[in-house]
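Asks: show me how the following folds:
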Amino acid sequence: MKLANMVGDRFKERPASCLIDSHALMVRGGYIKNVANGVYSQYPVMKRISRKIENIIRDEMDKCDGQEVLFPVTLPASLWDESGRYESVGSELLRFTDRTGSKMVLGMTHEEAAVQLVREWANSYAKYPFMIYQIQTKFRDEARPRAGLIRVREFTMKDAYSFHTSQEDLEKYYQRQYDAYNRIFARCGIPQVKVVASDSGMMGGSISHEYMLLTPAGEDSIAVCPECGYSANVEAAPSIIENENKIAKADLEMVETPGTGTIEALCEFLDVPAENTAKAVVYQRNEDDTFIVAFIRGDLDINETKLANTAGCEIHPGEIVDDSILTAGFIGPVGINEKVTVLFDKSLKDIEYLVTGANKVDYHYQGFNVDRDCDNPEYVDVAKIVEGGICPECGKKAIKIERGIEVGNIFQLGTKYSKAMNFTYLDENGKEQYPIMGCYGIGVGRMAASICEVSHDDWGPIWPITIAPWQVHLCCLRSDDAAAKAKADELYDALQNKGIEVIYDDREVRPGAMFADADLLGVPVRVVVSPRNLAENAVEISTRDKQIDKEMVPVDETLDKVDEIIQMLTDQIYEKVK
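Replies: Modelled structure (predicted):
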């Protein structure tokens, strides 16, 4: 490929709308172009990277006995009605009607389509286990798409679905996928991806893991214990609290507390630490707007995902109006309206003295004790795990909160979809059973952007050799010089004939502009032909990651040296593939 003919421009200025480096570099480097909010077209550079990632994924899925299929992007709403998700999934699911008035959706995930494809065929135990997968466009109507390809509305994803006749068989296959994912990420140049326990969310199921690439640009928070290696998404990490009774147990007493509608104001007014307050956090059920109030230690925050899972329904932050049954800023468990669902976080357990709202404007209770003052309170874990918190695995106060980008996920779905969609098979005894399912996803564009985020410098991406758009970037300085142009053309042909992927820049531009474009393309090996180098019968070879910095190589040894470097960079990748 000649750079002069390649579609897409490269430029120096960072767009103001690009908040993270990978987004800026991909726009500046001619990888992607915005079409609509969260929707991008891919230029040839990005498409080449995507195809290489897809091929690595295909190779690993095929090694796991996967069979590639293709589901429609557009699906009838009736399939999602069968699973119950047409109504339960929020506005991220794009719903519309076709010209006949039939309800349709754009697929954001394809569990329903997978079941629909195989449920007539997979009617006997003899056909199990099996796995099908696709690499397909999906659409998720994200409320706040951001960060280029890291959070978009339209995206390309590999999703796989396995089907089993026993939980034991699912668990064995789940481990195969678990290991295959680690190999995929290592082959793509990011072996540092961390596997964390996660919440299954709308996918359902009992066990799930996310593959997180740790970076400050990440939008997910990960709880990590450096002492034992424990890691989990904060949405799934248990919050373990040790309480100390710094204030002695006392009788319950209502006190006037004017203007103390916040924990900060209350603590200052009564001179008590936040650890001795019971904060009320208000949510409402999506289905009927009834209130759920979670009481939690005043210095902690609610984990909304945990709360939704505990409540068993979709929820949203509560809105308290003037005629509400709740008193904003002064909500407490004593005397609260019986129509409200009350939950106590485990952080309140064993605290003998608490301050909490009295359900009356400008009044609180002192000396509140959950076990004494409430009938049979049930404690639940709905708090966010905190920095310096207790590790659920080793018990040490060592938890660190880090940021990460989710580049893949795997779920044990169980029978959630087979039961909902009446998918059965006959077992060895002729008895109907529901297949047990697993689900395994990787976002292709997100992975490419994530790799760029952790592998770049001030000038551009540093692509791993296995997914780089080309292996070699050939630069001809002074293409107006006949000898230099002839030698560069000769090398271009020789590299291609050897099966090496090469992008060739023979434009008549300044060296600075040529090298700036080369940096933005991030190709691993750079070969520079110039009149000055040829005067010494040599070419200049370097690597984008600076392992080799401007090494002069005799012209007739160029191909062998390039081969050697490509092999070295490839070996370095595969040394980390387990």
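Asks: tell me where the stretch 1-150 of the chain has helices.
Replies: Residue ranges of the helices in the stretch 1-150 of the chain, as given by DSSP state H, counting those that start in this stretch, are 21-28, 44-63, 77-83, 85-88, 111-118.
Asks: ranking the ones you listed by mean pLDDT, which is last?
Replies: Looking at those, the lowest mean pLDDT belongs to helix 85-88 (a mean of 90).
Asks: buried residues of it, list them for me.
Replies: Neighbour counts over helix 85-88 (16 or more other CB atoms under 10 Å) mark 85-86 as buried. In this view, the C-beta of every residue, glycine as well, is placed from N, C-alpha and C.
Asks: check which helices and strands that helix sits against.
Replies: helix 77-83 (3 or more CB pairs under 8 Å, 6 or more residues apart in numbering; DSSP states H and E).
Asks: what comes up buried for the helix it packs on?
Replies: Result for helix 77-83 [16+ other CB under 10 Å]: buried residues 77, 79-80, 82-83.
Asks: and for stretch 137-152, what's in contact with it?
Replies: For stretch 137-152, the external contacting residues (CB atoms under 8 Å, 6 or more residues apart in numbering) are 18-20, 22-23, 26-27, 32, 37-40, 73, 91-94, 106-110, 153-157, 159, 217, 219, 405, 445-446, 448-450, 453.
Asks: can you select the buried ones from those in ChimeraX?
Replies: Filtering the contacts of stretch 137-152 down to the buried ones (16+ other CB under 10 Å) takes a single ChimeraX command:
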select :18,20,22,23,26,27,32,38,40,93,94,106,107,108,109,110,153,154,155,156,157,159,217,405,445,446,448,449,450,453
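Asks: strands - which of the contacts of stretch 137-152 land there?
Replies: Taking DSSP state E, the ones among these that sit in strands are 32, 39-40, 106, 154-157, 159, 405.
Asks: got these as JSON lines, with distance to N245 and pLDDT columns?
Replies: Converted to JSON lines, those look like this (distance: CB to CB, whole Å; pLDDT from 0 to 100):
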{"residue": "I32", "distance to N245": "57", "pLDDT": "97"}
{"residue": "V39", "distance to N245": "56", "pLDDT": "96"}
{"residue": "Y40", "distance to N245": "56", "pLDDT": "97"}
{"residue": "L106", "distance to N245": "55", "pLDDT": "96"}
{"residue": "E154", "distance to N245": "54", "pLDDT": "96"}
{"residue": "F155", "distance to N245": "51", "pLDDT": "96"}
{"residue": "T156", "distance to N245": "55", "pLDDT": "97"}
{"residue": "M157", "distance to N245": "51", "pLDDT": "96"}
{"residue": "D159", "distance to N245": "51", "pLDDT": "97"}
{"residue": "I405", "distance to N245": "42", "pLDDT": "93"}
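Asks: mind putting the residues you listed in JSON lines, distance to G298 included?
Replies: Below are these laid out as JSON lines (distance: CB to CB, whole Å):
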{"residue": "I32", "distance to G298": "45"}
{"residue": "V39", "distance to G298": "43"}
{"residue": "Y40", "distance to G298": "44"}
{"residue": "L106", "distance to G298": "43"}
{"residue": "E154", "distance to G298": "43"}
{"residue": "F155", "distance to G298": "40"}
{"residue": "T156", "distance to G298": "45"}
{"residue": "M157", "distance to G298": "41"}
{"residue": "D159", "distance to G298": "42"}
{"residue": "I405", "distance to G298": "32"}
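Asks: show me the two of those that sit farthest apart.
Replies: Distance extremes for these: the farthest pair is L106 and I405 at 23.8 Å, using CB to CB.
Asks: nearest to F411, of the ones in strands among the contacts of stretch 137-152?
Replies: Closest approach between these and F411, by CB to CB: D159, at 10.4 Å.
Asks: for that closest one, give its distance to A468.
Replies: Taking CB to CB, to the nearest Å as the measure, D159 falls 26 Å from A468.
Asks: cool, I325 as well?
Replies: In this view, I325 and A468 are 61 Å apart by CB to CB.
Asks: between the two, who's got more neighbours?
Replies: Taking other CB atoms under 10 Å, I325 and A468 do not tie; A468 has more neighbours (26 against 13).
Asks: the more buried one: what's it in contact with?
Replies: Applying CB under 8 Å, 6+ apart, one finds that A468 lies in contact with 49, 52, 522-524.
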